[in-house]
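# need a 3D model of the following:
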Amino acid sequence: MNAFKSNIYKYLGGTCQYLIPLYQRTYSWEREQCARLWSDIVNLHTTQREGHFVGSIVRIDEDSAAGSTLAMIIDGQQRLTTLTLLLVALRDYAATHSDCGVNPNKITDTLLLNQYETGNAKYKLLLTQSDRDALIKKIEDAPISDTLKSRVLDNYGFFSGQIGKGEIAPSDLYDAIGKLQIVDIVLDRQYDDPQAIFESLNSTGMDLKDSDLIRNHLLMGLDSATQTDVYNNIWRPTELLFDYEHQSELLDNFFRDYLTMKLGRIPRKNEVYKEFRAYHNGSGLTIRDLCQDIYSFAKHYSDMYFVRSGDAVLKSLYGDMKAIRMEVAYPFLLKVHDDCDKGLITIEELREILRLCVSYVLRRAVCDIPTNSLNKTFATMKNDIRQFDYLNSVKAFFILLDSYKEFPNDKRFLDTFLTRDIYHMNRCGYILGRLENWDNKSAVNAEKLTIEHIIPQNPHLSADWVSALGSDWEEIQKKYLHTIGNLTLTAYNSEMSDSPFADKLTMDGGFQQSALRLNKYVVTQTTWGEPQVNERAAQLGEVAKKAWPYPTLTEAELAPYRKQDDIAPEYTLESYQYLNAFNRMLFEKLNTRILNLGTYVKREFKKLYIAYKADTNFVDVVIQNSRLRLAINMKFADVIDPKGICKDITGLGRWGNGDVEIGLDSLDMLEDVMEIIEQAFRLQDVE
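Next comes the predicted model:
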């Protein structure tokens, strides 16, 4: 490795061509980074300093057949590209302002082009395919299609705008750019490891995304011909599946979900690249095969995310998933789509599984069950699939979920659906639209409609409404205002406003002129009050059960999936032989405090102890004659125990889980004991 002090004019002024390898990320500096560079340059001029260090550029030189040097940029492409864009913008300004003191031809001939070369070899800087065309067109001042998207164009526009403002004279800007200092680092292939240096250098500054590091890991080690083939035919098509504006973010999310699907667990966000390398090393796949696998799953992922499918039913289900923000299910659904491709399930079974997943998430949202366990539920769900009985195993998994993971059954779902405030749910528009379009061959675009309260929201109801609702009108309005029975869709929300029900029926665009099936019951009524709201809610509830179905299996179909614990004898507090009035009192106080830790804490009476679980057991209680013995599910070394009430039982055979034991023999100890229990509870992985 050799390092030389240089400046941007000296760096670009020779005959070298700087090539951005295919494994590098695309040009990704945003306006924030460009604005900072611009500010540094202006400040360099106004303070009359002699120089400003902008960082290092790391390259590997390779001699070409013609004797000129081809430099592969390992690090620094963002700075080099941005400075090139600034020079192009300055040249273009000078070309139309001949008296500005800058020679545009000098910039082109010495800093942008190797004028004695032809083809792509003539450009000083050659970017990767996705940005190459944009930069070349700017250098050549050629027409650019409106469909071409690149940050090259965005940042060129930024610099053009800044130069046009006149904050700094063009000649002063040219001089200030020449004072920008860099360190030119040249690697030797024989002694230096480009990939190790790449990862080390990119650990600071504008951090590389996981997808950038993964691309680098896969492509850097390939020979040039294979690298070009894999990039052009597999990797670049994978990137193009994702939206330009948010490509890196979406690719990062995809790779985390891809690994979750492959590993059956969720990688930590800051360890996705590390986990990917480990997965690759153990997969036994060639790089080409792994890239092809990534492409296949990325196709399913992007289809779901962007609601793309040639199958109308799948596309509709993807729309449902998008509407209720169901990305949490992607790891499981990636596998299901892949299994459908492999012929393990039919397209009809794929649709049914998607429908159940949508129903699971929606019913839980309606029932206001905390969502923080969903990612782990879907991450591990594939472990319960039985390929010979695929669809039934998925249904059984859902049916047998309990506690905070439960799939609300029809009774629980309807009890909440008919009475809760639906209007203030962020999925309210989706719910009404789905009810409207359920089993409707002429689907309505609900996005063009607004939500209408039949009983108005205005707390000062008109005399007509007070008369219709009766003497308890205030309570009725408060109770039913935002419930499903009082909500509908309309294109005439502002016209209806607080109008009497009769006017809402008969006005232009009113309910009687509405073709919406949501209003089928409404138009048959002559008045609107509590009985009508309840009757309509009940009717919509029956539709909701079908729109978001609960999985059904016969007991015989479900039996093979029940765990032994599910059919074990049931125990109660009275089952424990040492139970007496004293320890019962201790237990009841302790039990109340533990259950109050969270709505998803589950208590189970086992044969020899009482278990309290969130994700897994965090405390187990054994009833003893004169005390309660508590097993805390933590490592003894991790417990914070200022009162010294904990005992290390590591390696000892005791009933319960964990290496920590506490004896509770007095209510005076309850607060201290709960402090220890809460530590174990906070360790539960329900995020």
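# how about the residue nearest to Cys16 when sequence neighbours are not counted, what does it touch?
Excluding the flanking residues, the one nearest Cys16 by Cβ to Cβ, 6 or more residues apart in numbering is Thr69, at 4.4 Å. Any C-beta I mention is one placed from the backbone N, CA and C, and that applies to glycine too. Contacts for Thr69 were tallied using Cβ atoms under 8 Å, 6 or more residues apart in numbering; they are Gly14, Thr15, Cys16, Gln17, Asp61, Glu62, Asp63.
# ok, Asn657 next?
Ala611, Thr616, Asn617, Asp620, Ala631, Asn633.
# can you turn the buried part of the contacts of Thr69 into a PyMOL selection?
In PyMOL syntax, the buried subset of the contacts of Thr69 is picked out as below (16 or more other Cβ atoms under 10 Å):
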select buried, resi 16+17
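# could you dump the contacts of Thr69 to JSON lines with pLDDT?
Compiled in JSON lines, those are given as follows (pLDDT from 0 to 100):
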{"residue": "Gly14", "pLDDT": "83"}
{"residue": "Thr15", "pLDDT": "83"}
{"residue": "Cys16", "pLDDT": "88"}
{"residue": "Gln17", "pLDDT": "88"}
{"residue": "Asp61", "pLDDT": "80"}
{"residue": "Glu62", "pLDDT": "74"}
{"residue": "Asp63", "pLDDT": "63"}
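# need the max-distance pair from the contacts of Thr69.
Of all pairs drawn from the contacts of Thr69, the one with the longest distance (Cβ to Cβ) is Gly14 and Glu62, at 15.0 Å.
# quick revisit: dig out what the residue nearest to Cys16 forms beta bridges with.
Asp63 (DSSP bridges).
# pLDDT score assigned to it?
In this prediction, Thr69 carries a pLDDT score of 80.
# for Gly653, same thing?
pLDDT, Gly653: 66.
# could you do Pro267 as well?
With respect to pLDDT, Pro267 scores 90.
# again with Ala65
According to the prediction, Ala65 has pLDDT 54.
# residues in contact with Ile385?
Shown in contact with Ile385 (Cβ under 8 Å, 6+ apart): Lys335, Ser393, Val394, Phe397.
# I'd like those residues as a markdown table, with distance to Ala556 and secondary structure appended.
Output for the contacts of Ile385, formatted as a markdown table (distance: Cβ to Cβ, whole Å; DSSP: H, G, I helix; E, B strand; the rest coil):
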| residue | distance to Ala556 | secondary structure |
| --- | --- | --- |
| Lys335 | 27 | helix |
| Ser393 | 15 | helix |
| Val394 | 17 | helix |
| Phe397 | 17 | helix |
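# now render the residues you listed as CSV, adding pLDDT and neighbour count.
Compiled in CSV, the contacts of Ile385 are given as follows (pLDDT from 0 to 100; neighbours: other Cβ atoms under 10 Å):
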residue, pLDDT, neighbour count
Lys335, 96, 20
Ser393, 95, 16
Val394, 96, 24
Phe397, 95, 22
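# any chance of those residues in CSV, plus distance to Ser494?
What follows is the contacts of Ile385, written out as CSV (distance: Cβ to Cβ, whole Å):
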residue, distance to Ser494
Lys335, 47
Ser393, 51
Val394, 45
Phe397, 47
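# hmm, back to that, how about the contacts of Asn657, which pair is most distant?
It's Thr616 and Ala631 that sit farthest apart of the contacts of Asn657, by Cβ to Cβ, at 12.7 Å.
# those two: who's more crowded?
Ala631 (24 against 12; other Cβ atoms under 10 Å).
# can you tell me which residues contact Gly164?
Taking Cβ under 8 Å, 6+ apart as the criterion, Gly164 is in contact with Tyr93.
# look up how far Cys100 lies from it.
Distance of Gly164 to Cys100, computed by Cβ to Cβ, to the nearest Å: 11 Å.
# overlap of the contact sets of these two?
Tyr93.
# just checking, next helix/strand downstream of the helix or strand of the chain with the lowest mean pLDDT?
When the helices and strands of the chain are scored by mean pLDDT, DSSP states H and E, helix 194-201 comes last with a mean of 57. Per DSSP states H and E, helix 194-201 leads on to helix 210-219 as the next helix or strand towards the C-terminus.
# contacts for that next one?
21-25, 195, 198-199, 202, 208, 227, 230-231, 235, 248, 251-252, 254-256, 272-273, 276-277, 280, 287, 290-291.
# can you turn the buried part of those residues into a ChimeraX selection?
To isolate the buried ones among the contacts of helix 210-219 in ChimeraX, judged by 16+ other Cβ under 10 Å, type:
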select :21,22,23,24,25,198,199,202,208,227,230,231,235,248,251,252,254,255,256,272,273,276,287,290,291
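# of the contacts of helix 210-219, which belong to helices?
195, 198-199, 227, 230, 248, 251-252, 254-256, 272-273, 276-277, 280, 287, 290-291 (DSSP state H).
# would you map the strands across this structure?
2-7, 17-19, 52-63, 69-75, 125-126, 180-187, 450-453, 487-490, 602-605, 610-613, 617-623, 628-632, 647-648, 660-664 (DSSP state E).
# let me have the ones you listed in a markdown table, extended by distance to Phe407.
Below are those laid out as a markdown table (distance: least, Cβ to Cβ, whole Å):
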| stretch | distance to Phe407 |
| --- | --- |
| strand 2-7 | 62 |
| strand 17-19 | 55 |
| strand 52-63 | 54 |
| strand 69-75 | 50 |
| strand 125-126 | 55 |
| strand 180-187 | 57 |
| strand 450-453 | 27 |
| strand 487-490 | 25 |
| strand 602-605 | 15 |
| strand 610-613 | 18 |
| strand 617-623 | 23 |
| strand 628-632 | 31 |
| strand 647-648 | 40 |
| strand 660-664 | 34 |
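# among those strands, which is nearest Thr524?
Minimum separation from Thr524 across the strands of the chain (Cβ to Cβ) falls at strand 487-490, 13.8 Å.
# average pLDDT across that closest one?
Rounded mean pLDDT across strand 487-490 is 90.
# distance from it to the middle of the chain?
31 Å (Cα atoms, centre = their mean, to the nearest Å).
# with only the CA atoms kept, save it in PDB.
Extracted C-alpha coordinates of strand 487-490, given in PDB (Å, rounded to 0.1, in the frame of the first residue of the first chain):
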ATOM      1  CA  LEU A 487     -69.900   4.300   9.700                       C
ATOM      2  CA  THR A 488     -70.100   4.100   5.900                       C
ATOM      3  CA  LEU A 489     -68.400   5.500   2.800                       C
ATOM      4  CA  THR A 490     -69.500   8.300   0.600                       C
END
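# in the sheet, who's paired with Ile632?
With DSSP bridges as the rule, Ile632 is bridged to Val619, Val660.
# make 172 the first number, not 1, from now on.
In the new count, where the first residue is 172, that last one comes out as Ile803.
# any idea how many residues pack against it?
28.
# that one contacts Cys817, correct?
Yes - between Ile803 and Cys817 there is a contact under Cβ atoms under 8 Å: 7.2 Å.
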